[in-house]
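K.L.:
sequence unknown, structure follows:
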C-alpha cells in the first residue's frame, strides 16, 4: 500500500513538472511583449502638382505606414468615418468635406498581445465633391431635421438584382425580384424611422434610426447563422443605435460607371460607426448606400451585397398613418 501511495505522489509531481516546463516553453515561444516603435507614416495626395498642391479635388489620399514590432495597423482618419484595419500598413481614403481642410490622421500600430503604439500626422486635403441638393433633400436644409420611412405602400420598396455586369444592363435595376406594397415577409421592418439632421453651418449631416430594427435577407442571414427574411435587433447588429455621421462621396459602383442607366445620381452616402438604414447585410456594406434618385419626399437607393444588389425605397410620408 505504501508503495502505491509513493507511486501516486511521484506521478503527480512528474505531471506538475511537465506542466511547468510546458508553460515556460510557451512563454519562450511567445517572446518579449514590446510595444511597436519607429513608426513612420507617408501620405500621397492624389493629383498633387504645381497647380494643385493639396490634390486634384477627389480628396483621395494613399497612406503607407511602417514600424518595428507591429503585427497590424488601424487608421483613424479624423473626419468622422470608421476606423479602418490595414494589416499590411497600406490603405486609401477619400476625404469628402468640401474645400481645403486639415485632418489629424492617427495610426494605431499593434504588436504582440495587442499592445499598441499610436502616432498622428496632420494633412491638408482639397475636395471639390459635394451634393448640397441631396444633403438638403435628406435633412430639410441647414439647421433642420427630416424623418424618413420605408415606402411600404409603394411597389418596389425592396428589389434585388445582379451586382455583376450584364449585357442588357440588368445590374442597374431589380431584375430578379421586386416587392409589392406591404410585402408579407417584410412587415416587421416597415415601422422603422430615420432622422437626418444638418448642422446650422451645413457642414455636418447625421442619421439616427429610431427603432432597433435590422432586417436580414436570407442569404446574408444564413452566412452569420441567424434567421433570414426577418427582423433582428442589436443582438445581431450591435451598431444599430446612436447618431451617425453621413459623408458623401462619388459613386463607384458598376451601375454608375457603365452609364447605361441615366437615372443614377452618382452620389453615395457613407454612414459612420456601423450605421445603416434598417436593411442589414453586414456593417461594412449596409452603411454604403448609393443614391439612385432623390427628391424632397422620395429616396431610391442601391446597396451592394457581393454578387447581389438590393434596391430600397424610402419616403417622407408615414405609410402607417
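P.N.:
Nice, thanks for sending it over. Computed from a prediction, not measured in an experiment: that's the story for all the values here.

K.L.:
packing partners for the strand or helix carrying residue 121?
P.N.:
Assigned by DSSP states H and E, residue 121 belongs to strand 116-127. On a contact count with 3 or more CB pairs under 8 Å, 6 or more residues apart in numbering; DSSP states H and E, strand 116-127 meets strand 37-45, strand 60-68, strand 99-110. C-beta coordinates here come from the backbone N, C-alpha and C atoms, glycine included.

K.L.:
including distance to residue 194, could those strands go into TSV?
P.N.:
Shown next, in TSV, are these (distance: least, CB to CB, whole Å):
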stretch	distance to residue 194
strand 37-45	34
strand 60-68	29
strand 99-110	27
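
K.L.:
for the ones you listed, give me a markdown table that also has distance to residue 316 and mean neighbour count.
P.N.:
Shown next, in a markdown table, are the helices and strands packed on strand 116-127 (distance: least, CB to CB, whole Å; neighbours: other CB atoms under 10 Å):
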| stretch | distance to residue 316 | mean neighbour count |
| --- | --- | --- |
| strand 37-45 | 39 | 15 |
| strand 60-68 | 34 | 18 |
| strand 99-110 | 30 | 18 |
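
K.L.:
residue 196 is nearest to which of the ones you listed?
P.N.:
Taking CB to CB, strand 99-110 is the member of the helices and strands packed on strand 116-127 nearest to residue 196, at 21.8 Å.

K.L.:
that closest one vs strand 116-127, what angle?
P.N.:
If you take axes from the mean of the first three to the mean of the last three CA atoms, to 10 degrees, strand 99-110 sits at 160 degrees to strand 116-127.

K.L.:
what's strand 99-110 in contact with?
P.N.:
Applying CB atoms under 8 Å, 6 or more residues apart in numbering, the contact partners of strand 99-110 are 36, 39, 41, 43, 54, 63, 65, 67, 69-79, 95, 116-127.

K.L.:
what mean pLDDT does that strand get?
P.N.:
Here strand 99-110 scores 95 as its mean pLDDT.

K.L.:
each with direction, which strands does that strand pair with?
P.N.:
strand 72-76 (antiparallel), strand 116-127 (antiparallel) (DSSP bridges).
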